[in-house]
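K.L.:
whatever this is, show me its structure:
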Amino acid sequence: MTDTIAEVLVPTDELRNDIPFYTKVLGMRMDSIYPADNPSVAVFSGHGVRLRIEKGADVAPGTLRILTEDPDGFAEGQRRLIAPNGTQIEIEERHPPMVMPETVHSFVVRRLKDQAPWVIGRAGMHYRDLVPDRLGGSIIASHIRIPDGGPVPDMVHFHRVGFQLIFCIHGWVDVVYEDQGPKMRLTAGDCFIQPPEIRHRVLEASDNVQVIEIGVPAEHVTEIDHEMTLPTEQLRPEREWQGQRFVYNKAEGADWVPFRLPGFVCRDTSISENTKGVAGVQVVRRGKGTPQWATHDTDIHFTFVMDGTVTLEGEGREPYQLEQGDAFVIPPGMKTRLTDASDDIELMEVTLPGVFNTTLS
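P.N.:
Next up is the predicted model:
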C-alpha cells in the first residue's frame with residue numbers, strides 16, 4: 001500500500017508567530033519548514049493530527065479540538081484559545097463523565113399499528129423508537145430488525161453506557177464478546193446484558209431477526225476498537241465492567257414463579273443479580289389469580305408485548321388494547337392494571353433499578 005499522509009491546511013499571516021504557540025503551548029512537533037531563507041510553510045504533528053500552516057492560504061483558520069485525559073494540566077488549564085494564525089483551539093476531556101439525566105416521568109403507550117417510522121441506523125440495522133420522549137433522556141428503547149439474513153457488516157465496538165440490554169424476540173443472531181469465549185447465538189426469548197464498554201461484534205443473523213435494545217442513558221457514545229480481535233484468547237466469565245457482569249440468559253429450561261402482580265407468572269433473567277440491582281428484566285406470562293390495581297416505586301418501568309394481547313388500564317384513562325409489538329411505560333405512583341390477557345400473552349418487563357416495591361390495591 002502506498003505511504004499516504006493526510007494534512008489539515010490552515011492559513012497564517014506570519015509563520016514565526018505560530019511556531020512557539022503550536023510547539024510550546026500545544027505541545028506539537030514541527031516536522032518540516034520551508035523555504036529556509038523566508039519560511040512560509042510549516043508542518044506540525046501531534047495529538048493524532050497533522051497540520052500544514054501556510055502563509056496566505058485561501059482557507060478558513062478553522063477549529064482544532066484537543067481531547068485529553070488531563071485538561072487542567074494542558075495549556076495551563078485554558079479551555080479556549082486562539083492561535084496567532086486565527087485557529088480556535090478547544091481543550092476537552094478525552095472521556096467526559098457519563099451524565100445520567102434525571103428521569104422525566106410520563107405515561108407512554110407506543111403501538112406497532114401506529115406505524116412509527118423505521119430508521120436505518122448503524123451497520124444497516126432498522127430502528128423503531130419505542131419511547132419517543134425518552135423520559136427526559138434517561139432511556140432509549142429500540143425495536144431493531146435486520147431484514148436480510150447473513151453476515152452483518154459490523155466492527156468490534158463498545159458503548160459508553162450505564163446499562164444495555166439486548167433481548168431477541170424473533171429469529172437469531174450470532175455475537176462475539178470480549179473474554180466470553182466463542183460466538184454465541186441469541187434466539188427468541190434469550191437476552192444479553194452488555195456491561196459498560198465490553199467489546200463485541202455482531203457476526204451473522206437470520207432473515208428478519210428482531211431484538212429489543214434498551215440503553216441508559218438515551219444518548220451514549222459507540223466507539224470502534226480497531227486493535228482488538230474477537231474472540232479473545234482469555235476466557236473470564238466472572239469479569240466485571242463497572243460492577244456489571246456479562247449475562248447470557250436462555251429461555252429454554254427456565255423456571256416460572258409467581259409474578260409480583262396477581263394473575264401472572266414470570267421467569268427471572270438474573271440481570272438484577274448480575275448488575276448489582278442496576279436493572280431487572282422479567283419475562284411475564286398469564287397465571288392464576290385475579291388481576292389487581294397496583295402501583296410501583298421504581299424510577300423506570302418499561303414493558304414490551306412480545307406475544308398475545310392484553311388490556312392496560314390506567315386510573316382516569318381510557319383502556320388500551322395492546323398486542324404484539326406494542327410497548328408502554330408506567331411512571332412511579334400511577335395506578336394501573338393488566339386485564340383480559342390472552343392465553344399466549346408474553347411480556348418483557350424492564351425496570352431500573354431492579355429491586356423495587358409494588359403496592360396492590
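
K.L.:
D343 is in contact with R286, correct?
P.N.:
Yes. Checked against CB atoms under 8 Å, the pair R286 and D343 is within contact range at 6.1 Å. Yep, even glycine has a C-beta here, placed from its N, CA and C like the rest.

K.L.:
can you pull the residues that touch both of these two?
P.N.:
Counting by CB atoms under 8 Å, 6 or more residues apart in numbering, the shared contacts of R286 and D343 are G308.

K.L.:
per-residue pLDDT, R122?
P.N.:
On pLDDT, R122 comes in at 69.

K.L.:
hang on, the earlier thing: the more surrounded of R286 and D343?
P.N.:
Between R286 and D343, counted using other CB atoms under 10 Å, R286 has the larger neighbour count: 20 against 7.

K.L.:
the closest residue to R52 other than its chain neighbours - how many residues pack around it?
P.N.:
Spatial nearest neighbour of R52, chain neighbours left out: E7 (4.3 Å); criterion: CB to CB, 6 or more residues apart in numbering. The tally of other residues near E7 (other CB under 10 Å) stands at 14.

K.L.:
can you check P11 too?
P.N.:
Neighbour count for P11, taken as other CB under 10 Å: 17.

K.L.:
could you list the paired strands of the lowest-mean-pLDDT helix or strand in the chain along with their orientation?
P.N.:
The weakest-scoring helix or strand in the chain, judged by mean pLDDT, DSSP states H and E, is strand 119-120 (a mean of 84). If you go by DSSP bridges, strand 119-120 pairs up with strand 126-129 (antiparallel).

K.L.:
pLDDT on the partner strand, on average?
P.N.:
Mean predicted confidence for strand 126-129 is 92.

K.L.:
after it, next one along is what?
P.N.:
Under the assignment DSSP states H and E, the closest C-terminal helix or strand after strand 126-129 is strand 140-146.

K.L.:
pull up the pairing partners for the helix or strand following that following strand, direction included.
P.N.:
Next along the chain after strand 140-146, taking DSSP H and E as the criterion, comes strand 150-151. If you go by DSSP bridges, strand 150-151 pairs up with strand 200-205 (antiparallel).

K.L.:
how about the helix or strand following the partner strand as CSV, C-alpha atoms only?
P.N.:
Note on strand 200-205: by DSSP H and E, the next helix or strand toward the C-terminus is strand 209-216. In CSV, the C-alpha atoms belonging to strand 209-216 read as follows (Å, rounded to 0.1, in the frame of the first residue of the first chain):
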residue,chain,number,x,y,z
VAL,A,209,-34.1,-11.1,13.1
GLN,A,210,-35.7,-8.8,15.7
VAL,A,211,-34.4,-7.6,19.0
ILE,A,212,-35.4,-5.1,21.7
GLU,A,213,-32.4,-2.9,22.8
ILE,A,214,-32.6,-0.9,26.0
GLY,A,215,-29.9,1.7,26.7
VAL,A,216,-29.4,4.0,29.7
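
K.L.:
now do strand 209-216 against strand 200-205, angle only.
P.N.:
Here strand 209-216 runs at an angle of 160 degrees relative to strand 200-205 (axes from the mean of the first three to the mean of the last three CA atoms, to 10 degrees).

K.L.:
what comes into contact with strand 209-216?
P.N.:
Here strand 209-216 makes contact (CB under 8 Å, 6+ apart) with 100, 130, 138-146, 149, 159, 161-173, 186, 279, 300, 302, 304, 348, 350, 352.

K.L.:
mind checking which helix or strand the spatially closest residue to V41 that is not a sequence neighbour is in?
P.N.:
Excluding its sequence neighbours, the residue lying closest to V41 (CB to CB, 6+ apart) is E54, at 4.9 Å. Secondary structure assignment for E54, by DSSP H and E: strand 49-55.

K.L.:
what does that strand rub up against?
P.N.:
So strand 49-55 is contacted by 5-15, 18, 22, 28, 31, 40-45, 64, 85 (CB under 8 Å, 6+ apart).

K.L.:
what's the distance between stretch 107-127 and the middle of its chain?
P.N.:
From the chain centre to the centre of stretch 107-127 is a distance of 16 Å (CA atoms, centre = their mean, to the nearest Å).

K.L.:
quick one: buried residues of that stretch?
P.N.:
V108, R110, R111, L112, M125, H126, Y127 (16 or more other CB atoms under 10 Å).

K.L.:
now for the residues you listed, which pair is the farthest apart?
P.N.:
Distances among the buried residues of stretch 107-127 were taken as CB to CB; the most separated pair is V108 and M125, at 22.8 Å.

K.L.:
in this structure F264 contacts K288, no?
P.N.:
No. Using CB under 8 Å, F264 makes no contact with K288, being 9.1 Å away.

K.L.:
more neighbours: the two, which one.
P.N.:
F264 (23 against 9).

K.L.:
any idea what that one is bridged to?
P.N.:
R286.

K.L.:
what's the helix or strand for the closest residue to I330 other than its chain neighbours?
P.N.:
Nearest in space to I330, with sequence neighbours left out and distances taken as CB to CB, 6+ apart, is H301 at 4.8 Å. Using DSSP H and E, the element containing H301 is strand 300-307.

K.L.:
other residues contacting that strand?
P.N.:
Strand 300-307 has contacts (CB under 8 Å, 6+ apart) with 103, 130-131, 135, 138-139, 141, 143, 167, 169, 212, 214, 216, 283, 322-332, 344-352.
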